[in-house]
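My questions are about this predicted structure, shown below with the sequence.
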Amino acid sequence: MEKTAKIYVAGHRGLVGSAIVRNLQAAGYTNLLLRTHAELELTNQAATSAFFEAERPQYVFLAAAKVGGILANNIYSADFIRDNLAIQCNIIHSAYETGVQRLMFLGSSCIYPKLAPQPMKEESLLTGPLEPTNRSYALAKIAGIEMCWSYNRQYGTKYLAAMPTNLYGPGDNYHPDNSHVIPALLRKFNEAKVAQAKEVVVWGTGTPHREFMYSEDMAAACVHIMNLPDDQYEPLLGSDENKTGRFEPPLINIGVGEDLSIKALAQAIQTVVGYTGDVVFDTGKPDGTPRKLMDVSKLRSTGFYASTPLLIGLKKANADFVRSQGLR
Ligand SMILES: NC(=O)C1=CN([C@@H]2O[C@H](COP(=O)(O)OP(=O)(O)OC[C@H]3O[C@@H](n4cnc5c(N)ncnc54)[C@H](OP(=O)(O)O)[C@@H]3O)[C@@H](O)[C@H]2O)C=CC1
Ligand SMILES: C[C@H]1O[C@H](OP(=O)(O)OP(=O)(O)OC[C@H]2O[C@@H](n3cnc4c(=O)[nH]c(N)nc43)[C@H](O)[C@@H]2O)[C@@H](O)[C@@H](O)C1=O
């Protein structure tokens, strides 16, 4: 991407979108196209189409989505499938109509089957049943991958679907119930520390394993991939199955390649926060997928390695939480 290229970051106030904007600005990109949710409702097809017609971005990072943790996905499953299908359908089709050069659609590691072999390779897509707690969100994301693939095949577009592992970082959603595990536990341990509470309740059995990537590393990976030269980018765009007979969607995993149990994560957050009470597990809450460790060989073959160790990232994320809540 040239430094003056017009780059639309959809969802630029979210965890990932805001990190992409900071990364692009630090690298000297001067022509970023940004719209808040209030300014542009991306589930509205006419509004999205009019925006693309008027602005004609050259590159698009599609980081706008309805996002939440295990409980929100389970409870609001209709909202998750409806909003995500609409947002991605409107953006991908408008990008095609206005000649966007490259588009990166962000999915999630939950697109892979619940019991996919570990670490999960891109080729595990559509090989088995999904985790029920987030099936509606996962199916919307799978439809987004198929949409990128179909447009690439039929229209010769260059749309790539990137599948991040679980993410965390500054500006995260710290809602007590609807957020992901790291922001939720940062809130719970900090609040318990302030209140001198006897215990903190962690959901599930503590045995599931998750892989976590710091949002700044995720943004760096997205910008790195978007900037790959054609001879490295185009092989990622999927094959034409009719010609090759190969099931090769335009898919790339983004992660760090290592995971830990939720129990070990809770202990790490407890240490970072400095909470000295007990940790108990609420086994009435869902565990979700037992393990989802990404195979990141494809990403690494492009030359990208994440640089933030989990403990450093947790300290930075905790500092953001403390600052955002005015606790210190
Ligand atoms: N966070 C994570 O752990 C993971 C995230 N991902 C994926 O990464 C991407 C970004 O996620 P993340 O940054 O965490 O999400 P956030 O919830 O932090 O941000 C999403 C952004 O999208 C905007 N948005 C949502 N709905 C609409 C809409 N209808 N019209 C316009 N804007 C809208 C939000 O604006 P507003 O807040 O104003 O509604 C917000 O700025 C998503 O595709 C997600 O699926 C994948 C794996 C893990
Ligand atoms: C990114 C990813 O995020 C979701 O899937 P998930 O990986 O299950 O994410 P999670 O962060 O919510 O939970 C991870 C684990 O942690 C446990 N856990 C403990 N205590 C809390 C807690 O207090 N809050 C939460 N949310 N989880 C907790 C929880 O029980 C689970 O075992 C989907 O949205 C999915 O669609 C998706 O894409």
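Done, it's in. Ligands and ions are numbered 1, 2, ... in the order given.

any chance you could map the helices in this protein?
For the chain, the helices defined by DSSP state H occupy 15-26, 45-55, 70-75, 77-97, 135-155, 181-195, 215-226, 230-233, 241-244, 262-273, 297-301, 310-324.

For the ones you listed, could you give me CSV that also reports mean neighbour count, distance to residue 110 and mean pLDDT?
Bear in mind the C-beta positions are built from the backbone N, C-alpha and C, glycine included. Listed next are the helices of the chain as CSV, based on neighbours: other C-beta atoms under 10 Å; distance: least, C-beta to C-beta, whole Å; pLDDT from 0 to 100:
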stretch, mean neighbour count, distance to residue 110, mean pLDDT
helix 15-26, 21, 15, 98
helix 45-55, 15, 25, 98
helix 70-75, 21, 8, 95
helix 77-97, 20, 11, 98
helix 135-155, 20, 5, 97
helix 181-195, 20, 13, 97
helix 215-226, 23, 16, 98
helix 230-233, 11, 25, 97
helix 241-244, 10, 24, 84
helix 262-273, 19, 16, 98
helix 297-301, 15, 18, 97
helix 310-324, 17, 20, 97
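
Isn't residue 307 up against residue 217?
Yes - because the distance of 6.1 Å satisfies C-beta atoms under 8 Å, residue 307 is recorded as touching residue 217.

Let me know the pLDDT of residue 325.
At residue 325, the predicted lDDT confidence score is 85.

residue contacts, it?
By C-beta atoms under 8 Å, 6 or more residues apart in numbering, residue 325 lies in contact with 174, 190.

Near ligand 2, which residues of this protein are found?
Contact residues, the chain versus ligand 2 (C-beta under 6 Å from any ligand atom): 68-70, 73, 108, 110, 134, 137, 166, 179-181, 184-185, 202-204, 208, 210, 262, 285-288.

thinking again about what came up before, tell me which of the helices of the chain lies nearest to residue 117.
helix 297-301 (13.8 Å; C-beta to C-beta).

where's that closest one relative to the chain centroid, distance-wise?
18 Å (C-alpha atoms, centre = their mean, to the nearest Å).

ok, and what's touching that helix?
121, 122, 221, 225, 236, 252, 253, 254, 255, 257.

7 Å instead, please
122, 221, 252, 253, 254 (C-beta atoms under 7 Å, 6 or more residues apart in numbering).

Against residue 7, how distant is residue 169?
The span separating residue 169 from residue 7 equals 21 Å under the rule C-beta to C-beta, to the nearest Å.

Residue 230 now?
Taking C-beta to C-beta, one finds residue 230 at 18 Å from residue 7.

what does residue 112 give?
29 Å.

Comparing the two, which residue is more hemmed in?
residue 112 (28 against 24; other C-beta atoms under 10 Å).

The more buried one touches residue 124, doesn't it?
Yes - using C-beta atoms under 7 Å, residue 112 is in contact with residue 124, at 4.9 Å.

Please enumerate the shared neighbours of the two.
Counting by C-beta under 7 Å, 6+ apart, nothing touches both residue 112 and residue 124.

what's in contact with stretch 110-123?
In this structure, residues lying in contact with stretch 110-123 by C-beta under 7 Å, 6+ apart are 109, 124-125, 127-131, 134, 137-138, 141-142, 163, 251-253, 289, 291-295, 298.

Can you say which of those residues are buried?
109, 124-125, 130-131, 134, 137-138, 141-142, 163, 251-253, 289, 291-295, 298 (16 or more other C-beta atoms under 10 Å).

Could you report the distance from the closest residue to ligand 1 within the stretch 1-150 of the chain to residue 62?
Per C-beta to the nearest ligand atom, residue 14 is where the stretch 1-150 of the chain lies closest to ligand 1, at 2.0 Å. Plainly put, residue 14 is 11 Å away from residue 62 if you go by C-beta to C-beta.

which of the two has more neighbours?
residue 62 (26 against 20).

Would you mind confirming that that one is in contact with residue 10?
Yes - Residue 62 sits in contact with residue 10 when judged by C-beta under 7 Å, with a separation of 5.2 Å.

Now the common contact residues for the two.
Joint contacts of residue 62 and residue 10 (C-beta under 7 Å, 6+ apart) are residue 91.

Identify all contacting residues around stretch 180-192.
Here stretch 180-192 has contacts from 69, 166, 168, 172-174, 176, 200, 202, 210, 212, 262, 265-266, 269-270, 273, 275, 277, 317-318, 321-322, 327, using C-beta under 7 Å, 6+ apart.

right, I mislabeled it, should have said stretch 26-40
Counting by C-beta under 7 Å, 6+ apart, 3-9, 12-13, 21, 24, 47, 51, 55, 57, 223 sit against stretch 26-40.

switch to 6 Å and redo it
Residues outside stretch 26-40 that contact it (C-beta atoms under 6 Å, 6 or more residues apart in numbering): 3, 4, 6, 7, 8, 12, 51, 55, 57.

No further questions, thank you.
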